[in-house]
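> fold the following, please.
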Amino acid sequence: MPLFDEVVPALREALIQREYTYLTPVQNSVLEPELKDRDLLVSAQTGSGKTVAFGLAMASTLLGEKEKFGSSPSPVALVVAPTRELALQVKAELMWLYKGTGAAISSCVGGMDMRTERMALSRSIHIVVGTPGRLKDHLERGSLKLQNIKTVVLDEADEMLDMGFREDLEFILQTMPKSRRTLMFSATVPKPIVTLAKNYQNKAVRVSTKEEDKQHVDIDYKAYNVSAKNREDAIANVLRYYDAKNALIFCGTRRAVNEMTSKFGNKGFSVVALSGELSQKERTHALQSLRSGSAKVCVATDVAARGLDLPNLELVIHADIPKNSQNLLHRSGRTGRAGRKGTTVLMVPSNARRRTEILFKHANVNATWGAPPSVSEILKRDDQKIVEAPEFLEPLAENEIELVKQLVECHGEQKIAAAFVRLFRGGRLASMALKDVPSADSSNDREKRSGSNHAFTQGVWFALSAGRKDHIEARWLLPMLCKVGRLQHGDVGKIVINEEDTHVEFSKKAAELFLKAISPELLLEQDISVKKLPDSFKPRDNRERRSRSNNSSDKKGYSSKRNRGEASSDLKKKRTSGDHKERKRTKPASGEGEKIVKLSSYQSAPNKKSEHKHSQPRGKATKPLRGRAESKTTSTFEKRKRSVKKK
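Below is the predicted model of the structure:
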């Protein structure tokens, strides 16, 4: 029988009834005798039992030497949680833990009827659990009184600050007595949490476990290289391969949650969504579906799934890369809780490999890199499950013996086994074939990507009778070729669009299929004719063609960028020479100093009107004529030029 000497007797009985055999490290840490009635800043891994830990820690402060709560005009304890689900979950944990103490526990969360909460608060309530926004509303309306608070707990404090609840938390803390006891529990302790602790805690003791800086031993981290196009198919294969009782897929936005829920529902998965736009009733129904087993997959946002504790959650999938290491730990901490094993999978695009490695380093996580499960791997795992099916371990019941004998006599052992395999495989969902994704760090892959995306060693070339003059574009030509020839995009190589015609490369196998699929007249849509080119044909590179045209234009006397640069420098030399310009003194206007106007050989002298218009006060630097006046001089030069040509 376990001995919990430091636990209040009523809570000790509750732990024994729950079949607790030992306390977790964080639970033992907060029960140290020297920490009694002290403010605590506690950090521990997700799933380490923090809810029971602060329930045990605040019991001595609330009860003292008593075994049960007495009547109280207002709450004596307040627990603040970031989300509705976590608040209701904390309430459920505290209800069984404090059942023997006679504590009355109420919740105040958004999405619930406020009048019902107000009525509950009007009665003798000992512990209130709520979210920051709803608690602030009750305080402003006067339905919640905190003058008798002895202990306040901030659960998932780091997440509440990230979600923008700082002002609400400060408002709540300022309405309480300063003599209260403040407990802060968090998976991580960033600088904002330390600042909050300094402002609202009294000489808080920092409590951390040895396991805090180590990787969660009950969570197996995996990172799979995927392409953006195959992400949903890769996730479907992961779900099929692990076949978890419950799986949680994290997305970055509500829109992504809705899209992915619809796609996986169409694939045959029993899936529910969990996001902030759902009502409390819908969220509660989704969680109940997961707990009852009617749904196996939940697609959720970070905020909606904060603090969830699903007993059968064995798999967490990050469809979108977490923003930071704290986010990664919070997401992954939904599995591997209370000693149970779990798996966390990150879907990593090739361009996010380096960022994900840095994320793992900051989170102190060692992940296994690889590719998503293939179809063959999934089928092999399915066959292994058939061999290890638990039904083989159960002994025959009396009412089954006669039927089994009859089946063996009629069909034989081999047919019965085959029927069992078919029944097992018949209920399985289809797995998806995935293309290999190259590693982002491979130099060979970078060289391949810098060149053509489709390169065939023995490609077959075809000529189409339409080109650039016919407004041919690869973006609609490629789908048309695949549709007519019943091909995949990977069967088509280079597409070279010329002025008069277009050259298209096919793989050798695809070329045969293409010729069989098109009409005998070798015509495509829009009367485009097709012609097979000789095996020795090689298209000219467009870049080589452009460079040759530039060289030829230089020979003909057309100026290139270099020639234009030389011409402009010669022109500058001429303009700066003394023969090309002259200085003319103009009569200053009244109240002005003498002004020098620079005139080029092709400019006319400015008239009095324009001079007066552009005149400047004494002491200011003169500026060249711009805008309307400049356009007038230019047009005058052009007129003179045309008149000289006519003469």
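> where does this structure dip in pLDDT?
Residue ranges of the chain with pLDDT under 70: 1-3, 210-216, 303-307, 338, 427-457, 526, 540-647.
> contact partners for the residue sitting nearest the centre point of it?
In the chain, the C-alpha nearest the mean C-alpha coordinate belongs to residue 320, at 3.0 Å (C-alpha atoms, centre = their mean). The neighbourhood of residue 320, defined by C-beta atoms under 8 Å, 6 or more residues apart in numbering, consists of 250, 251, 252, 256, 347. For the C-beta atoms, the positions are set from N, CA and C on the backbone; glycine is no exception.
> filter the residues you listed down to the ones in helices?
Applying DSSP state H to the contacts of residue 320, the entries found in helices are residue 256.
> and the contacts of residue 320 as a markdown table, adding distance to residue 235 and neighbour count?
Written out in a markdown table, the entries for these read as follows (distance: C-beta to C-beta, whole Å; neighbours: other C-beta atoms under 10 Å):
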| residue | distance to residue 235 | neighbour count |
| --- | --- | --- |
| 250 | 11 | 28 |
| 251 | 10 | 22 |
| 252 | 14 | 15 |
| 256 | 12 | 17 |
| 347 | 6 | 25 |
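> and the contacts of residue 320 as CSV, adding distance to residue 309?
As requested, the contacts of residue 320 are exported to CSV (distance: C-beta to C-beta, whole Å):
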residue, distance to residue 309
250, 16
251, 20
252, 23
256, 24
347, 24
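> between the contacts of residue 320, which is closest to residue 470?
residue 256 (40.7 Å; C-beta to C-beta).
> tell me the contacts of the nearest residue to residue 89 once chain neighbours are set aside?
Using C-beta to C-beta, 6 or more residues apart in numbering and skipping the chain neighbours, the partner closest in space to residue 89 is residue 309 (5.8 Å). If you count contacts by C-beta under 8 Å, 6+ apart, residue 309 has them with 47, 89, 334, 337.
> contacting residues for the last one?
By that I understand residue 337. With contact set as C-beta under 8 Å, 6+ apart, residue 337 has these partners: 46, 47, 218, 309, 313.
> where's the first one relative to residue 330, distance?
Taking C-beta to C-beta, to the nearest Å as the measure, residue 46 and residue 330 are separated by 6 Å.
> what's the overlap in contacts for these two?
residue 187.
> what are the ranges of the strands in the stretch 451-600 of the chain?
For the stretch 451-600 of the chain, applying DSSP state E, counting those that start in this stretch gives strands covering 460-464, 492-497, 502-506, 530-532, 581-586, 595-600.
> kindly report the same for the stretch 1-150 of the chain.
Listed in chain order, the strands of the stretch 1-150 of the chain (DSSP E, counting those that start in this stretch) span residues 40-43, 77-80, 105-108, 127-130.
> ok, back up a step: farthest pair within the contacts of residue 309?
Across the contacts of residue 309, no pair lies farther apart than 47 and 89, at 12.7 Å, counting by C-beta to C-beta.
> more crowded one of these two?
Between residue 47 and residue 89, residue 47 has the larger neighbour count (other C-beta atoms under 10 Å), namely 23 against 19.
> surely that one touches residue 330?
No. Contact status for residue 47 versus residue 330: not in contact, 10.7 Å apart, counting by C-beta atoms under 8 Å.
> which neighbours do these two share?
Between them, residue 47 and residue 330 share no neighbouring residue, with contact defined by C-beta under 8 Å, 6+ apart.
> related to what we said a few turns ago, more neighbours: residue 46 and residue 330, which one.
residue 330 (24 against 21).
> next one: the host helix or strand of the more buried one to chain centre, how far?
When elements are assigned from DSSP states H and E, residue 330 belongs to helix 325-332. Between the centre of helix 325-332 and the centre of its host chain there is 12 Å, according to C-alpha atoms, centre = their mean, to the nearest Å.
> from the contact counts, what lies against it?
In terms of contacts (3 or more C-beta pairs under 8 Å, 6 or more residues apart in numbering; DSSP states H and E), helix 325-332 is packed against helix 157-162, strand 313-318, strand 342-349, helix 353-362.
> now it against strand 313-318, angle please.
Here the directions of helix 325-332 and strand 313-318 differ by 140 degrees (axes from the mean of the first three to the mean of the last three C-alpha atoms, to 10 degrees).
> longest single helix anywhere in this structure?
helix 398-426.
> now do that helix: distance to the chain's middle.
Taking C-alpha atoms, centre = their mean, the mean C-alpha location of helix 398-426 is offset from the chain mean by 48 Å.
> packing partners for it?
Using 3+ C-beta pairs under 8 Å, 6+ apart as the contact criterion, the secondary-structure elements in contact with helix 398-426 are helix 375-387.
> the helix it packs on vs helix 398-426, what angle?
Compare the direction of helix 375-387 with that of helix 398-426 by the same axes, to 10 degrees and you get 180 degrees.
> tell me the buried residues in helix 375-387?
In terms of neighbour count (16 or more other C-beta atoms under 10 Å), helix 375-387 has its buried residues at 378, 382.
> same deal with stretch 101-111?
Under the neighbour-count criterion of 16+ other C-beta under 10 Å, stretch 101-111 has 101, 103, 104, 105, 106, 107, 108, 109, 110 buried.
> ok, now stretch 277-293?
Going through stretch 277-293 with 16+ other C-beta under 10 Å, the ones that come out buried are 278, 283, 284, 286, 287, 289, 290.
> put the alpha carbons of it into CSV.
Output of stretch 277-293 as CSV, limited to C-alpha atoms (Å, rounded to 0.1, in the frame of the first residue of the first chain):
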residue,chain,number,x,y,z
GLU,A,277,-14.8,29.2,-34.1
LEU,A,278,-16.9,26.3,-32.7
SER,A,279,-19.4,26.8,-30.0
GLN,A,280,-18.8,25.2,-26.6
LYS,A,281,-21.4,22.6,-27.3
GLU,A,282,-19.7,21.6,-30.5
ARG,A,283,-16.3,21.4,-28.9
THR,A,284,-17.6,19.3,-26.0
HIS,A,285,-19.3,17.0,-28.5
ALA,A,286,-16.0,16.6,-30.4
LEU,A,287,-14.1,15.7,-27.3
GLN,A,288,-16.8,13.3,-26.2
SER,A,289,-16.6,11.5,-29.6
LEU,A,290,-12.9,11.1,-29.2
ARG,A,291,-13.2,9.7,-25.6
SER,A,292,-16.0,7.3,-26.6
GLY,A,293,-14.2,6.0,-29.6
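> so how far is it off the chain centroid?
Its chain's C-alpha centre and that of stretch 277-293 lie 23 Å apart, by C-alpha atoms, centre = their mean.
> how about stretch 177-193?
Stretch 177-193 has its average C-alpha position 29 Å from the chain's average C-alpha position, going by C-alpha atoms, centre = their mean.
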